[in-house]
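> model the following, please.
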Amino acid sequence: MSQVAASDGSVTPLLHDPNAEVRTDIVDEVDGTVMRDAGVSNEIWNDLQTAIRHQKEREQQAKEELKQLEEAKQRVLEEARQAEELVRQAEDKRRREEAERKAQEARNLVELKQRELEFRPKQEELQQKEKLSIQAKLRKMGVCCMGYECIRMGSTYRCAGGSHTLSASSID
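This next block holds a predicted model:
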């Protein structure tokens, strides 16, 4: 048999072992309450029933708080997932914007090269016309008696044979 020490130092034997299992065979089958022991006063019984109700309420409240806490945790987890998704999208957006910027630069370069390609033949055609005009002037002037083409070398024209020259300023 177990004993309990009181605050005044006296020892009181326990009629019930606190380590013993709770009995479930004394529960009322109709409402699930424990059956009242013989000799328990109404005041003690009512206080006990109030304490049991409060304990059940606290347990229910604790369950509800735990449920609310779990729901709050799930909401926070979802918010965190959404925030991570926003971060990923922002990173993707930055990468996409960078890729779009590079693609636009490439398109601009392609367009510039296309313009150059369109302009180059026109420019070469003009240069060829000017060259032919100068060559005609040089032939007319009789720079080379052999009829060779004259090549521009700095500020002079020299015939392809190398013997004859003329200042470029005398043509203009």
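> can you tell me the SS state at the residue sitting furthest away from the middle of the chain?
Most distant from the centre of the chain: Cys145, at 78.4 Å, with distances by CA atoms, centre = their mean. Here Cys145 is recorded as coil under DSSP: H, G, I helix; E, B strand; the rest coil.
> ranges for the helices of this protein?
42-141 (DSSP state H).
> pLDDT below threshold where in it?
1-34, 172 (pLDDT under 70).
> next one: stretch 153-170 to chain centre, how far?
68 Å (CA atoms, centre = their mean, to the nearest Å).
> picking that back up, show the backbone phi and psi for the closest residue to the residue farthest from the centre of the chain other than its chain neighbours.
Spatial nearest neighbour of Cys145, excluding adjacent residues (CB to CB, 6 or more residues apart in numbering): His164 at 7.5 Å. C-beta: built from backbone N, CA, C; applies to glycine. Dihedral pair for His164: phi -110, psi 140, per degrees, to the nearest 10.
> again, but for Val143
Residue torsions, per degrees, to the nearest 10, at Val143 are phi -60, psi -40.
> can I get stretch 55-69 in PDB? Just the C-alpha atoms.
Taking C-alpha atoms only, stretch 55-69 is exported to PDB below (Å, rounded to 0.1, in the frame of the first residue of the first chain):
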ATOM      1  CA  GLN A  55     -11.400  19.300 -18.000                       C
ATOM      2  CA  LYS A  56     -13.300  18.100 -21.000                       C
ATOM      3  CA  GLU A  57     -13.800  21.800 -22.100                       C
ATOM      4  CA  ARG A  58     -10.100  22.400 -21.700                       C
ATOM      5  CA  GLU A  59      -9.300  19.300 -23.700                       C
ATOM      6  CA  GLN A  60     -11.800  20.300 -26.400                       C
ATOM      7  CA  GLN A  61     -10.400  23.800 -26.400                       C
ATOM      8  CA  ALA A  62      -6.800  22.400 -26.700                       C
ATOM      9  CA  LYS A  63      -7.900  20.200 -29.600                       C
ATOM     10  CA  GLU A  64      -9.600  23.200 -31.300                       C
ATOM     11  CA  GLU A  65      -6.500  25.300 -30.700                       C
ATOM     12  CA  LEU A  66      -4.300  22.500 -32.100                       C
ATOM     13  CA  LYS A  67      -6.600  22.200 -35.100                       C
ATOM     14  CA  GLN A  68      -6.500  26.000 -35.600                       C
ATOM     15  CA  LEU A  69      -2.700  25.900 -35.200                       C
END
